[in-house]
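S.K.: here you go, sequence then predicted model.
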Amino acid sequence: AFDGQYILEYGADESWGPKIDGTSQYRPWYSWYPGENFGQLATMVAQPDNVKDYFETGRNLTNSISFTNSGSNYNFRLGYMNQDRTLVLPNTKRQLHQLSLNGIYDITSRISLSTDVSYTYDDRFGQPYETYRNDGLNVTQNFNQWFQRQLDMNGMRRYREADGRVNSWNIGDPNGTSDFDELLAPQYWDNPFYIAYEAYGTGRTNRLVGNVGLTAELAKGLKWYSYVRKSSYNAVSDFRRGTGGLELDAYQNATDAFNEMNYETNLGYVKKFGDISFDGYVGGNIRKSLREWNFMGTNGGLSVPNWFNIRASKATPTYTNDMSRFLVRSLYGKASIGYKNFLFLDGTLRNDWSSSLPSTDNSYLYYSVTGSFVFSDLMKGGIKDWLTFGKVRLAYASVGSDIGFAEVNTALTGRQPFSGTPAVTVGDI
């Protein structure tokens, strides 16, 4: 009690206190904030929907349109899709736009050109945080484990007081301090609506994926086919935490750019020699990839309340930039030999040369061998009535791989300056 008034253990993030009987009078958390509700009593009543009242009805609107056409030597499809989505958490939404094109054009009766390209723009606002966290950003974790069941969720929607202070149900002990700033400081959890509207992240991603291919039939059963493939994205994201919450106010932004190109060519041959069938190909691929990542974040809080800019950092900002580049050249082949369509022998062989390995030892070879026997083709009599198909397969395979970028070289890692002096860590040689 406080001056004869019943109070709760506000700082506990569990439900402790008197029985919720619908008659007891007590001081709710909001009655400690200056204003018209200061000192007011409330009735201890059940709030069975207090968690439910936080969530909203999500909406997902998807619209699409496509155009198709075809002729004697071509066909294509051009499509557009738009998705407008709001999530069940307040202040969360996502917009997705996708444009795609695919088609085939026969240049001659033996040569054809194909393409399959897709561009996507993904815009996310307030994307929810998941997993167990100690920073309060996962509000569903708060509700499921650390919460009080007498709280009226609708009474928390106004999360800032008239003086700009962020309120919280999880305040301190009135009998433990006479300092109102100390009393009203959140103990473990912010107001969940403050998290929704002032502690959130955004992200915008442009993604392009596609290929262009050329296929030529050189002779009966002999086919040459080549592709140029591209996969790339450019992502920009940020995170902000408003001034006045449990954690320091902060701002962060990051860019992540990735581009990968594959240049592939193959020569395939399919032929049947009496009871023996052959299906195989040989080919090569060149893969080039580049990724660049940059991150900046404020340090020590914001110099101006709610000024979400790296220049607002009180201390030297945190910054990281990274780059990785790969070049992998590959030669490979596959052959499959069959006998009377019930006995098969398959084999693959591939050799890669990777730029991430030492230049004098950057080659690695791997292969596989597979044998299969469809024994049900040789069965006769009544056994075929209950065993229609049976096959035995035996395989052996090895897998090769390279390593991460710059792992064979001396790595220099930049650190935060120490007393104004730049710092760097030298890795193992």
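M.R.: In hand now; what should we look at? Values in this document were obtained by computation on a predicted structure and should not be read as measured data.
S.K.: alpha carbons only for contacts and neighbour counts from here, please
M.R.: Fine.
S.K.: which residues of the stretch 1-150 of the chain score low on pLDDT?
M.R.: 1 (pLDDT under 70).
S.K.: which stretches of it form helices?
M.R.: Remark: helices assigned in the stretch 1-150 of the chain by DSSP state H, counting those that start in this stretch are 139-145.
S.K.: now swap in the stretch 151-300 of the chain and tell me
M.R.: Under DSSP H, counting those that start in this stretch, the stretch 151-300 of the chain gives helices at 180-184, 192-198.
S.K.: would you single out the least confident of these?
M.R.: With a mean of 91, helix 180-184 has the lowest mean pLDDT of these.
S.K.: returning to that earlier point: could I get the helices of the stretch 151-300 of the chain as JSON lines with distance to Y339 and mean neighbour count?
M.R.: Listed next are the helices of the stretch 151-300 of the chain as JSON lines, based on distance: least, C-alpha to C-alpha, whole Å; neighbours: other C-alpha atoms under 10 Å:
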{"stretch": "helix 180-184", "distance to Y339": "82", "mean neighbour count": "16"}
{"stretch": "helix 192-198", "distance to Y339": "66", "mean neighbour count": "21"}
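S.K.: S289 is nearest to which of the ones you listed?
M.R.: Closest to S289 of the helices of the stretch 151-300 of the chain is helix 192-198 (C-alpha to C-alpha; 37.2 Å).
S.K.: re earlier: go through the helices of the stretch 151-300 of the chain and name the closest to G164.
M.R.: Here helix 192-198 is closest among the helices of the stretch 151-300 of the chain (C-alpha to C-alpha), at 12.1 Å.
S.K.: other SSEs contacting that closest one?
M.R.: On a contact count with 3 or more C-alpha pairs under 8 Å, 6 or more residues apart in numbering; DSSP states H and E, helix 192-198 meets no helix or strand.
S.K.: and for W224, nearest residue in space, chain neighbours not counted?
M.R.: Among residues not flanking W224 along the chain, L267 sits closest, at 4.5 Å (C-alpha to C-alpha, 6 or more residues apart in numbering).
S.K.: tell me the strands beside the longest strand anywhere in the chain, with direction?
M.R.: For the chain, the longest strand by residue count, based on DSSP state E, is strand 250-273. Note on strand 250-273: by DSSP bridges, its sheet partners are strand 222-241 (antiparallel), strand 276-297 (antiparallel).
S.K.: most packed of those strands?
M.R.: Per residue and on average, the most neighbours among the strands paired with strand 250-273 fall to strand 222-241, with a mean of 18 (mean count of other C-alpha atoms under 10 Å).
S.K.: tell me the mean pLDDT over that one?
M.R.: On average, strand 222-241 scores 97.
S.K.: and stretch 399-411, by the same measure?
M.R.: 80.
S.K.: which one of the strands paired with strand 250-273 lies nearest to T177?
M.R.: strand 222-241 (27.7 Å).
S.K.: now for the residue nearest to K93 when sequence neighbours are not counted, how many residues are close by?
M.R.: Leaving aside its chain neighbours, K93 sits nearest to T86 (4.2 Å; criterion: C-alpha to C-alpha, 6+ apart). By the criterion of other C-alpha atoms under 10 Å, T86 has 19 neighbours.
S.K.: correct me, but T86 touches R124?
M.R.: No. The criterion here is C-alpha atoms under 8 Å, and T86 misses it with R124 at 9.9 Å.
S.K.: give me the common contacts of these two.
M.R.: T92, K93, R94 (C-alpha atoms under 8 Å, 6 or more residues apart in numbering).
S.K.: those residues in strands, which ones?
M.R.: Per DSSP E, these map to strands at K93, R94.
S.K.: closest to N175 among the shared contacts of T86 and R124?
M.R.: T92 (39.1 Å).
S.K.: show me what contacts the nearest residue to that closest one once chain neighbours are set aside?
M.R.: Distances taken as C-alpha to C-alpha, 6+ apart place G126 nearest to T92, at 4.5 Å, with adjacent residues excluded. Counting by C-alpha under 8 Å, 6+ apart, G126 touches N91, T92, K93, A196, Y200, G201, T202.
S.K.: try 7 Å this time
M.R.: Counting by C-alpha atoms under 7 Å, 6 or more residues apart in numbering, G126 touches N91, T92, K93, Y200, G201, T202.
S.K.: ok, now S237?
M.R.: Neighbouring residues of S237 by C-alpha under 7 Å, 6+ apart: T202, G203, R204, N253, A254, T255.
S.K.: pull up the gap between it and D256, please.
M.R.: The spacing between S237 and D256, counted by C-alpha to C-alpha, to the nearest Å, is 9 Å.
S.K.: repeat that for S24.
M.R.: Taken as C-alpha to C-alpha, the span from S24 to D256 is 56 Å.
S.K.: do the same with V212
M.R.: Distance from V212 to D256, by C-alpha to C-alpha: 26 Å.
S.K.: about what we covered before: S24 and D256 - which one has more neighbours?
M.R.: D256 (18 against 14).
S.K.: correct me, but the more buried one touches W293?
M.R.: Yes. D256 lies in contact with W293 (C-alpha atoms under 7 Å); the separation is 4.5 Å.
S.K.: hang on, the earlier thing: and the longest strand of the chain, what's buried?
M.R.: Within strand 250-273, the residues scored as buried using 16 or more other C-alpha atoms under 10 Å are 250-269.
S.K.: do the same with stretch 305-315
M.R.: N306, W307, F308, N309, I310, R311, A312, S313.
S.K.: mind putting the residues you listed in TSV, secondary structure and pLDDT included?
M.R.: Below are the buried residues of stretch 305-315 laid out as TSV (DSSP: H, G, I helix; E, B strand; the rest coil; pLDDT from 0 to 100):
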residue	secondary structure	pLDDT
N306	coil	95
W307	coil	96
F308	coil	96
N309	coil	96
I310	helix	96
R311	helix	96
A312	helix	96
S313	strand	96
